[in-house]
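Student: With the input below, show me the fold.
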Amino acid sequence: MSLQSYLYRQFEHDFWANREEVRVLAALDPPPAPALKLLAHIVAAQWLWLDRLQQNPQRIAVWPELPLSDYAAQLTQLEESWRSYLGGLSEEDFARPCSYTNSKGEAWESNVIDILAQVIMHSAHHRGQIATEIRRSGNVPAAVDYIHAVRQGFIE
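Tutor: Numbers count the residues shown, from 1 in each chain. As a prediction, this is how the structure comes out:
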C-alpha cells in the first residue's frame, strides 16, 4: 500500500467517525454542550489546516459556535475538499514544507505529511473527549474505532 493510499484510508476513517459523532449527538436531547463545542473545533481545525496547506486565508475561528444543524453540511464540504487535496498529492509532496502562522501569531514551517498526521490525530483526540462528555451525560458514545470501521466495511 502506498503512503498516499494509507493516508486516504486514514482520512476516510476520520470522515466516517466525525459523521458518527454527529449522528449520536443529534439523537441526544439535549446533546452535551461541551461535546458540541469539541466537534465544532474538529471541523474548524480541519478547515484551518486545509487552508494552511493550500495557502488560503483562515475561513473559520478555531473554536467557533456552530449549531448542530450545520455540522453535517460542514463535514460533507470538508470531505470533498480533503479528498480533492489528497488526490492531487504526489509522493514528493509529502515532504514539501508548508509555511503558516499559528493562532498565537507565530510563524512555523511543517512538512505536509506531519500536517496530515496532525489532522488525523487531533480529531481522534477530541473524539475521545466527546465520548467522555457523552458518557458524563449518561448516554452511550459513538463506536468510532478504526478497526471497527474496517471490520464493518465502513472503510474500503
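Student: For Ala143, give its distance to Cys98.
Tutor: From Ala143 across to Cys98, the span is 34 Å (C-beta to C-beta, to the nearest Å). (C-beta placed from N, C-alpha, C; glycine too.)
Student: When the two are compared, which one has more neighbours?
Tutor: Cys98 (17 against 12; other C-beta atoms under 10 Å).
Student: Not counting its own residues, what contacts the helix or strand harbouring that one?
Tutor: Assigned by DSSP states H and E, Cys98 belongs to strand 97-101. Residues outside strand 97-101 that contact it (C-beta atoms under 8 Å, 6 or more residues apart in numbering): 52-53, 107-112, 115.
Student: Now, of those residues, which are buried?
Tutor: 52-53, 110, 112, 115 (16 or more other C-beta atoms under 10 Å).
Student: Out of those, flag the one nearest to Leu68.
Tutor: Arg52 (26.5 Å; C-beta to C-beta).
Student: ok, and the closest non-adjacent residue to the closest one?
Tutor: Tyr100 (4.1 Å; C-beta to C-beta, 6 or more residues apart in numbering).
Student: Give the burial count for that neighbour, as a bare number.
Tutor: 17.
Student: what pairs with it across the strands?
Tutor: With DSSP bridges as the criterion, Tyr100 is bridged to Trp108.
Student: quick one: it from Arg19, how far?
Tutor: Distance from Tyr100 to Arg19, by C-beta to C-beta: 27 Å.
Student: How far away from the center of its chain is stretch 99-117?
Tutor: Distance of stretch 99-117 from its chain centroid, counting by C-alpha atoms, centre = their mean, to the nearest Å, is 16 Å.
Student: May I have stretch 53-64 exported as CSV, CA atoms only?
Tutor: Only the C-alpha atoms of stretch 53-64 are listed here, as CSV (Å, rounded to 0.1, in the frame of the first residue of the first chain):
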residue,chain,number,x,y,z
LEU,A,53,-1.8,23.7,3.2
GLN,A,54,-3.4,25.5,0.3
GLN,A,55,-2.0,28.9,1.4
ASN,A,56,-5.6,30.3,1.7
PRO,A,57,-6.8,32.7,4.4
GLN,A,58,-8.3,31.2,7.5
ARG,A,59,-12.1,30.8,6.9
ILE,A,60,-13.4,30.0,10.4
ALA,A,61,-12.4,30.6,14.0
VAL,A,62,-10.5,27.8,15.8
TRP,A,63,-13.3,27.5,18.4
PRO,A,64,-16.4,28.5,16.5
